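# What follows is a predicted structure for the sequence shown.
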Amino acid sequence: MEYPNTMMTRIQLPSLSSAMYKRSSLMAISEIMGKVVKIDSNTNSGSPRRFAWMVIYIDLRQPLMSKIWIEGKLQRVEYESLPNICFNCA
């Protein structure tokens, strides 16, 4: 039986810097993690919110990233619609 190598999922970037709420910045951030499918229109409006969210394809053969470096700051990444994952033990 073959299993898929990719999966579409929604990610959130909580407390993202207000300077990063531009389409070009969001595309660059999300492309680190996978192929971008959609950036939320409210996120893309340029006005900061509690979090930015977008839909990406993730490679299931690679470990999920719980944090990424953005402009010298460590940014937390939250995945939606995935089973509960412990980044410490799995």
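Here it is on my side, so go on.
# By mean pLDDT, flag the weakest helix or strand of the chain.
helix 41-44 (a mean of 66; mean pLDDT, DSSP states H and E).
# Neighbouring strands - and their directions - for the very next helix or strand once past that helix?
Remark: after helix 41-44, the chain's next helix or strand is strand 51-59, criterion DSSP states H and E. Neighbouring strands of strand 51-59 in its sheet, by DSSP bridges, are strand 6-14 (antiparallel), strand 35-39 (antiparallel).
# Go through the ones you listed and name the closest to Leu64.
Evaluated over the strands paired with strand 51-59, closeness to Leu64 peaks at strand 6-14, with 9.3 Å, by C-beta to C-beta. (C-beta placed from N, C-alpha, C; glycine too.)
# contacting residues around the closest one?
Residues outside strand 6-14 that contact it (C-beta atoms under 8 Å, 6 or more residues apart in numbering): 29-30, 33-34, 37, 50-60, 75-82.
# how near is Leu16 to Ile32?
14 Å (C-beta to C-beta, to the nearest Å).
# So for the two, which sits in the more crowded spot?
Looking at Leu16 and Ile32 with other C-beta atoms under 10 Å, you find the greater number of neighbours at Leu16, namely 23 against 12.
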